[in-house]
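Q: let me see the structure of the following:
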Amino acid sequence: MPGGRLTQQERQQIALGLADGLAYAEIARRLDRPTSTVTREVMRNGGPTGYRADLAHRATEHRAHRRKRTAAPRGAQTAPQPYGRDAEEVREYEEVLTTVMMASGAPKMMSRILACLYITDDGSLTASELAQRLEVSPATISKSIAFLEGQGLVRRERDERRRERYIVDNDVMYQSVAASAQSTAQLAIAARQGVGPLGAGTPAAVRLENMARFLDFVSESIMRAADQAREVLHSQPATPADATAGDHG
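A: So this is what the prediction gives:
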């Protein structure tokens, strides 16, 4: 299996594969590359609908040049990785995760913060730690955290030194889904409120009533599935030892 950076010809093959509607795994098989390589390449360069081979190649060259210029200071600040992780692989994965969240509609800075929190083992960082890792101001972090907290994606706690910490834990996805379901339920209520002013039975009122019924069903279904998933998946949380044992079983 070839290694190293993707060539421009390989990027053109990726673009053709995406245009043909091929899955990442199939494109990777044709290139004799890991699926993760193709996934990372596409998601960091516009996603499946925005990927352009020439632009991706130039962007990659630019990133490589930028890393060379900043290699010394970044290397000096990089902390040793726990569990024998490769620092470059972790950094690349963080970039992929950020790009995927951006493709789903999250703003860039909020995606960067979430990715940074998700890949820390304790899921907890202070504003200054986030600012240092992401090389932005604490004010930028604070503004983004306020929005993420409102979406149920992070929570705040004070540590023993009275520092404010931002936290994601095993329940963060449940809280986020619950917030989304609540927002959907509120939209259903607003839609149904329009039936009276518009006149029951009129085309506009019927449309809003159908919208409300649909959103009610979706909201209730989402919460029911979230409750069931949390009950099943969190009853016996996986540990690093469990994962290791599963890999060798």
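Q: so what pLDDT did the closest residue in space to residue 128 that isn't next to it in sequence get?
A: Nearest in space to residue 128, with sequence neighbours left out and distances taken as CB to CB, 6 or more residues apart in numbering, is residue 138 at 6.3 Å. No exception for glycine: its C-beta is placed from N, CA and C like everyone else's. pLDDT recorded at residue 138 is 85.
Q: go ahead and confirm residue 138 touches residue 129.
A: No - using CB atoms under 8 Å as the test, residue 138 is too far from residue 129 to be in contact (10.1 Å).
Q: what number of residues lie near the residue lying closest to residue 8 once chain neighbours are set aside?
A: Spatial nearest neighbour of residue 8, excluding adjacent residues (CB to CB, 6+ apart): residue 57 at 4.8 Å. Close neighbours of residue 57, defined as other CB atoms under 10 Å, add up to 19.
Q: likewise for residue 202?
A: Neighbours around residue 202, by other CB under 10 Å: 11.
Q: try the one 5 residues further on
A: A count of neighbours around residue 207, defined by other CB under 10 Å, yields 14.
Q: for the protein, which spans come out with low pLDDT?
A: Scanning the chain for pLDDT under 70 picks out 1-3, 63-79, 235-249.
Q: what's the distance between the longest helix anywhere in the chain and the middle of its chain?
A: Among the segments of the chain that qualify as a helix by DSSP state H, the longest is helix 203-233. Relative to the mean C-alpha coordinate of its chain, helix 203-233 is positioned 24 Å out (CA atoms, centre = their mean, to the nearest Å).
Q: quick one: which of residue 138 and residue 129 has more around it?
A: residue 129 (16 against 13).
Q: so who does that one touch?
A: Contact partners of residue 129, counting by CB atoms under 8 Å, 6 or more residues apart in numbering, are absent.
Q: ok, it to residue 44 distance?
A: 24 Å (CB to CB, to the nearest Å).
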